[in-house]
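Sharing a sequence plus its predicted fold:
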Amino acid sequence: MGNGKRITKILTIVSIVASLCVYAVIAVSSYTLAVSFSESVMSLQSQEGEELLEMTTDPTGGLTLTLRFTVHNPGLIEVSVTLDLMILSSGGEVITEGRDSKRIPSGSSDELVVSLYLSPENTVIFETSPSVFNVDFECRTLLDLIGIAISIEIGGEELPSGA
Amino acid sequence: MRKIIKAVFFAALYILTLVVIPNIGLGYAFQLMPEGTPMRMFIEETIDLRGIVTSISIIGVILAILTFSSNVVEDWSPIKLFSSIASSFVGFYMFLFLMGLGNPSSMGLNQLSVYVATVVWDFRFFVTLELLLLGIRVVSEIIKFYFARKERLAGL
């Protein structure tokens, strides 16, 4: 076989192997991201208001809001999930914010917990004016190189009862 | 004769996967979701599915023509080089088009607003990988052409 033919054959093999590797990486990470993200969002939707958001008042009049939900990773590789919670006043000012982040190995689940503390003054603002809840949930995989994020803004709604 | 059969086979494969199957799939999906149903309205409001399928079909026809022309000529022909490189670029464009749900200029970073929620997906790394593959394919085609041409000149 000539030198040119051998090089051409090697190039063809390299090109095919590289394509197969890239498409395998794309398939595995896309699948992991899709199932983890959809399962987590469904878990967030299925939880009742009271079990999702817990409110405790301290003797000084301050308020602690705790948002917790379970994130599942039925995918094939590890995912990293981040939950950001922000409460804004009707004027758009940030009253309080919090974040939690976890790395979840394939096939397991973990709980994300974000606690927000409202000082007595902020509690008054929070209770008297319509506040906006900003929930950001992000799911990344493949060494955090790809990801999907959802941002939900809930404004002027009544807080869950029973708190 | 063998060359023509191979060329027709690969061209038909592109027509089948990028023209026939997506159009049948879309027709079937719309049959399952008649006009006015919430799912159909949601899809129509957020994504131009019909536009995406039409564009994929056009890309499929272009790829079929390029594949046919690259398979029907000899390896040393400049037509083969041009068709192969052009088909790699068209394939890359289609990848960007699919990653951007019809918006190739997003380069894998997309945002979709649905009522009170905003969904952002970041697939820029996939675009980088595909770009790398495009480079490998183009270089490989040029080298293949170079050796085929050299061999032909030596044989004359």
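Yep, it's here.

Isn't residue A:151 up against residue A:135?
Yes: using C-beta atoms under 8 Å, residue A:151 is in contact with residue A:135, at 7.3 Å. Glycine gets a C-beta too; all of them are placed from N, C-alpha and C.

How about the secondary structure of residue A:76?
Secondary structure for residue A:76, judged by DSSP: H, G, I helix; E, B strand; the rest coil, is coil.

Surely it and residue A:106 touch.
Yes: counting by C-beta under 8 Å, residue A:76 does reach residue A:106; the two are 5.7 Å apart.

Relative to residue A:77, how far out is the closest residue to residue A:145 other than its chain neighbours?
Using C-beta to C-beta, 6 or more residues apart in numbering or on different chains and skipping residues adjacent in sequence, the residue nearest residue A:145 is residue B:125, 4.0 Å away. Counting by C-beta to C-beta, to the nearest Å, the separation of residue B:125 from residue A:77 is 14 Å.

could you say what helices and strands the longest helix along chain A packs with?
Ranked by residue count and defined by DSSP state H, the top helix of chain A is helix A:3-46. Packing partners of helix A:3-46 (3 or more C-beta pairs under 8 Å, 6 or more residues apart in numbering or on different chains; DSSP states H and E): strand A:63-72, strand A:79-88, strand A:132-141, strand A:146-155, helix B:124-155.

hey, what's in contact with both of residue A:76 and residue A:106?
Here residue A:76 and residue A:106 have residue A:32 as joint contacts, going by C-beta atoms under 8 Å, 6 or more residues apart in numbering or on different chains.

any chance of the helices and strands packed on helix A:3-46 in a markdown table, plus mean pLDDT?
Shown next, in a markdown table, are the helices and strands packed on helix A:3-46 (pLDDT from 0 to 100):
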| stretch | mean pLDDT |
| --- | --- |
| strand A:63-72 | 87 |
| strand A:79-88 | 91 |
| strand A:132-141 | 90 |
| strand A:146-155 | 88 |
| helix B:124-155 | 91 |
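
now these in TSV, with mean neighbour count and distance to residue B:80?
Below are the helices and strands packed on helix A:3-46 laid out as TSV (neighbours: other C-beta atoms under 10 Å in any protein chain shown; distance: least, C-beta to C-beta, whole Å):
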stretch	mean neighbour count	distance to residue B:80
strand A:63-72	18	50
strand A:79-88	20	44
strand A:132-141	20	40
strand A:146-155	18	35
helix B:124-155	16	7
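
For the closest residue to chain A within chain B, which non-adjacent residue is spatially closest?
Chain A sits closest to residue B:147 of chain B, with a gap of 3.2 Å, by C-beta to the nearest C-beta. Nearest non-adjacent residue to residue B:147, counting by C-beta to C-beta, 6+ apart: residue A:4, 3.2 Å away.

any idea of the mean pLDDT in stretch B:9-17?
Averaging pLDDT along stretch B:9-17 gives 94.

what residues does it touch?
For stretch B:9-17, contacts defined as C-beta under 8 Å, 6+ apart pick out B:60-61, B:63-65, B:67-68, B:71.

from the chain's centre, how far out does it sit?
Mean C-alpha position of stretch B:9-17 versus that of the full chain (C-alpha atoms, centre = their mean, to the nearest Å) differs by 12 Å.

One more: stretch B:36-53?
A distance of 22 Å separates the centroid of the chain from that of stretch B:36-53, by C-alpha atoms, centre = their mean.

Could I get the buried residue list for it?
For stretch B:36-53, the neighbour count (16 or more other C-beta atoms under 10 Å in any protein chain shown) marks B:40, B:43, B:49, B:52-53 as buried.

which ones among the residues you listed come in contact with chain A?
The subset of the buried residues of stretch B:36-53 within reach of chain A, counting by C-beta under 8 Å from any C-beta of the partner chain, is empty.

Out of these, the closest to residue A:147 would be?
When the buried residues of stretch B:36-53 are ranked by distance to residue A:147 (C-beta to C-beta), residue B:52 comes first, at 22.6 Å.

next one: phi and psi at the closest residue to that closest one other than its chain neighbours?
Closest residue in space to residue B:52, ignoring its immediate chain neighbours: residue B:102 at 4.6 Å, by C-beta to C-beta, 6+ apart. Dihedral angles of residue B:102 (phi, psi; degrees, to the nearest 10) stand at phi 100, psi 0.

neighbours of residue B:102, just the number please.
Counted with other C-beta atoms under 10 Å in any protein chain shown, the neighbours of residue B:102 add up to 16.

And for residue A:143?
Neighbourhood size, residue A:143 [other C-beta under 10 Å]: 11.

Residue A:96 should be in a strand, yeah?
Yes: under three-state DSSP, residue A:96 falls within a strand.

Quick one: residues contacting it.
With contact taken as C-beta under 8 Å, 6+ apart, residue A:96 is in contact with A:65, A:86-87, A:116-118, A:122.

That'll do, ta.
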